[in-house]
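K.L.:
This is a predicted model, with the sequence first.
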Amino acid sequence: MGIREDLIFYGKLIKSYIYPDRCVFCDRVVDHGISVCKKCRKTVPVIKGARCFGCGKPKDKCKCAGRRRFYDGVAAPFMYSGVVQTGVKLWKYGGRHKNTEFFGKAMKRVIDENYKNIDFDFICYVPQTEKEKEKRGYNQSRALAEELSRLTGIPVKGALFKVFETRRQHDLPWYLKSGNVLGVFECIDAQGVKGKNILIADDIKTSGCTLGECAKVLKLSGAEKVYCVVIAVR
């Protein structure tokens, strides 16, 4: 190696000692360049095989019962349980923003496998109010959309606006989730949405009410198809 290559190599080595790589799921220190520790790798609830595009779950765990939704499909690499639940919370609330890259790559694999015949015009994200942005410090849905854009080349567009603040969906019983987001979102640019195939990126899907409301607004504004991709489904 030349002098420049030596400096880069040793610079990375020193950095790995000061800022060691950590498992995206449990936060244990791992070898440099590794994203998931051996212990977590054995228990990650990866979604494999046939899946339901209504709820995003594996076919054998689907309980949709033919219920119609406003989006045309939702897919995820993981189930929201065990180490994935821990890892997503660590990413959202524990300051591990660099884990966006790992989750983005996992979501891209799902897009490549399940939406390969769809020509998306743009990726959009679930918006937040200004107060919510200040409280959280960033929009995790937008962070995922931008990472997916970097990986896929599909542009990001802020197509939706959140009119007012709501209670966290996660804190509500299932029968209040739909009403909590009803009428919350508006389309920013109906002309820019009309006739488009849109991909919504978000972190997790539980009831699907938030994604469904976003998809409804986009379709009422003229969108042709609306699909969703998330890190995990519950």
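P.N.:
Yes, it's here. Residues are numbered from 1 along each chain as shown.
K.L.:
So residue 144 sits against residue 102, correct?
P.N.:
No. Using CB atoms under 8 Å, residue 144 is not in contact with residue 102; the gap is 11.1 Å. Just so you know, the C-beta spots here come from the backbone N, C-alpha and C atoms, and that holds for glycine as well.
K.L.:
Give the burial count for the residue nearest to residue 62 when sequence neighbours are not counted, as a bare number.
P.N.:
In this structure, residue 62 finds its nearest non-sequential neighbour in residue 52, 3.9 Å apart by CB to CB, 6 or more residues apart in numbering. Per other CB atoms under 10 Å, the neighbour tally for residue 52 reads 18.
K.L.:
Report pLDDT for residue 52.
P.N.:
For residue 52, the pLDDT comes out at 91.
K.L.:
If you count surrounding residues, which of residue 144 and residue 102 has more?
P.N.:
residue 144 (25 against 19).
K.L.:
what helix or strand is the more buried one on?
P.N.:
Element membership for residue 144 (DSSP states H and E) is helix 140-152.
K.L.:
Distance of residue 65 relative to residue 32?
P.N.:
Going from residue 65 to residue 32 by CB to CB, to the nearest Å gives 48 Å.
K.L.:
and the two? which has more neighbours close in?
P.N.:
More crowded of residue 65 and residue 32, by other CB under 10 Å: residue 32, with 11 against 6.
K.L.:
mind listing what's buried in stretch 155-175?
P.N.:
For stretch 155-175, a neighbour-count test (16 or more other CB atoms under 10 Å) marks 156-157, 159-160, 162, 166, 169, 172 as buried.
K.L.:
and it, how far out from the chain's middle?
P.N.:
The chain centre lies 14 Å from the centre of stretch 155-175; the measure is CA atoms, centre = their mean, to the nearest Å.
K.L.:
Same question for stretch 185-198.
P.N.:
The answer for stretch 185-198 is 20 Å, by CA atoms, centre = their mean.
K.L.:
Next: stretch 93-101.
P.N.:
12 Å.
K.L.:
For that stretch, what does the pLDDT average out to?
P.N.:
Averaging pLDDT residue by residue across stretch 93-101 gives 90.
K.L.:
hmm, who's touching it?
P.N.:
With CB atoms under 8 Å, 6 or more residues apart in numbering as the contact definition, stretch 93-101 has outside contacts at 22, 24, 27, 87, 90-91, 138, 143-144, 147.
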